[in-house]
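In: Pasted the sequence and its predicted model underneath.
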Amino acid sequence: MSIATIVVGVDGSPASHAALRLAIDEATLRGCRVKIVACWSAWTPHLALRPNRSGGDTYEIAMAVAYEAVEAIVADPHERSMIVTECGEGEPGPTLVDVSHDAVFLVIGSTSRGPLERHLDKTTVDHCLRHCDVPVIVVPFTPAGLEDIDVDIEAQRAMANSRVDARG
């Protein structure tokens, strides 16, 4: 009998780190393991925070990105014991779909892309949503710095500023 697995794609972006956190939390609740997949290609760069932006990626860079995600997100030794890391060579969408065939579900982070690129079906998220045969959880993109904003305090400031503007 195989162990139930949640697959999560990582590329070094904040959205993929959020996806990893969600996958680990779900795996803890369900008693599953987490398979982290970082995709690489010698011809096309896929990894968001790689040291060299020219050319393609390498297996070593992909493994480093996966291990850095674990270091950044996972502190608990029990959570670390649930994690398996894999690097897939090729385009992220098809690779994640292939790896996740027997998974409970696939978790991926959504990066901020323009409407034209989404319309042309050029994103990993679009590919996974269209072709994956297991449920796909997409963790929304949060622009850097916005995660620390207190909405209530900002609303109070806006109200105070509008009162000052109204008085002249």
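Out: It's in. Numbering: from 1, shown residues only.

In: Would you mind measuring from the closest residue to residue 140 other than its chain neighbours to residue 104?
Out: Nearest non-adjacent residue to residue 140, counting by CB to CB, 6 or more residues apart in numbering: residue 110, 5.5 Å away. C-beta: built from backbone N, CA, C; applies to glycine. Between residue 110 and residue 104 the distance is 20 Å, computed by CB to CB, to the nearest Å.

In: which ones are touching residue 34?
Out: By CB atoms under 8 Å, 6 or more residues apart in numbering, the residues touching residue 34 are 5, 6, 7, 8, 20, 23, 24, 27, 82, 83, 84.

In: dump the residue contacts of the third one.
Out: When the contact criterion is CB under 8 Å, 6+ apart, the partners of residue 7 are 23, 34, 35, 37, 96, 99, 100, 103, 105, 106, 107.

In: So what's the residue count around residue 68?
Out: Per other CB atoms under 10 Å, the neighbour tally for residue 68 reads 15.

In: Can I take it that it is in a helix?
Out: Yes: judged by DSSP: H, G, I helix; E, B strand; the rest coil, residue 68 forms part of a helix.

In: Show me which positions of stretch 22-32 end up buried.
Out: For stretch 22-32, the neighbour count (16 or more other CB atoms under 10 Å) marks 22, 23, 24, 26, 27, 32 as buried.

In: Give the rounded mean pLDDT of that stretch.
Out: Stretch 22-32 carries an average pLDDT of 94.

In: Run through who's touching that stretch.
Out: The contact list for stretch 22-32 (CB under 8 Å, 6+ apart) reads 3-8, 33-34, 73-74, 79, 82-83, 104-105, 107, 137, 139.

In: Going by residue numbers, what spans are helices in the chain?
Out: With helices called from DSSP state H, the chain shows them at 14-30, 59-73, 77-81, 92-99, 115-119, 124-131, 151-167.

In: weakest of these in terms of mean pLDDT?
Out: Averaging pLDDT over each of those puts helix 115-119 lowest, since it has a mean of 51.

In: still on that earlier bit, got JSON lines for the helices of the chain, with distance to residue 43 too?
Out: Listed next are the helices of the chain as JSON lines, based on distance: least, CB to CB, whole Å:
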{"stretch": "helix 14-30", "distance to residue 43": "21"}
{"stretch": "helix 59-73", "distance to residue 43": "14"}
{"stretch": "helix 77-81", "distance to residue 43": "33"}
{"stretch": "helix 92-99", "distance to residue 43": "13"}
{"stretch": "helix 115-119", "distance to residue 43": "19"}
{"stretch": "helix 124-131", "distance to residue 43": "16"}
{"stretch": "helix 151-167", "distance to residue 43": "43"}
